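**Student:** Could you look at this predicted model? Sequence included:
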Amino acid sequence: MKYIKILIPAILLSLVVLYGCKLSAARSMAGTWKTPSAVTFYYYSAGCGAYTKVAKLEMSMTWKITKKSDNEVDIEWRSDHTSAPQSIITPSCNMYIPIVTPKFLTGIISASQMDIYEDNQQVGTLSFTADNLTGFYYYGNECYLYCTGVGTNSAIPHATIDKTLILQRQ
């Protein structure tokens, strides 16, 4: 009897490997996800000298995730609430966060994480469980006049990967 408990999972795993059967991670991500509390977004800019944080904004959000393929999802991000007014971190710069929603993102799912893309640029990585998404978001714009970016990292973007973006399944 104990050999059957070991044999059946081994056979199933062999079938997946041999015949290329795909297990769909995307199927479990579909649904509505919300932040349990407001998330702080920082606006970075080189418009006033060095690339630094210039403003911050508290925002609650809802993500509607739809399965696109076995390992890819579409994400519609809507802002539920933003704090007013935004906080200026660098008074001499006097810039505000230009977050516009809805945003339309794409998620690529691996075994335990989802990489998020906006305009074909990776903007985040989220680890997940059945009911929680946890990670970061950062979108850096092209540097035409000067470089700008918006993200959840409190340090200069990508210097550290924080886990300040938290969404829960609804």
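**Tutor:** Looks like it arrived, so ask away. Numbering: from 1, shown residues only.

**Student:** strands paired with the top strand by length along the chain, and their directions?
**Tutor:** Across the chain, the longest stretch assigned as strand under DSSP state E is strand 52-69. Within its sheet, and counting by DSSP bridges, strand 52-69 is paired with strand 31-34 (antiparallel), strand 39-45 (antiparallel), strand 72-82 (antiparallel), strand 87-88 (antiparallel).

**Student:** and the direction of the helix or strand just after the shortest one versus that of strand 52-69, what angle?
**Tutor:** Secondary structure here is assigned by DSSP states H and E; on that basis, the next helix or strand after strand 87-88 toward the C-terminus is strand 103-109. An angle of 60 degrees separates the directions of strand 103-109 and strand 52-69 when computed by axes from the mean of the first three to the mean of the last three Cα atoms, to 10 degrees.

**Student:** Can you give the distance from strand 103-109 to the centre of its chain?
**Tutor:** 8 Å (Cα atoms, centre = their mean, to the nearest Å).

**Student:** Buried residues, the helix or strand following it. List them.
**Tutor:** On the C-terminal side of strand 103-109, the closest following helix or strand by DSSP H and E is strand 113-118. For strand 113-118, a neighbour-count test (16 or more other Cβ atoms under 10 Å) marks Gln113, Met114, Ile116, Glu118 as buried. All C-beta spots, glycine's among them, are computed from the backbone N, C-alpha and C.
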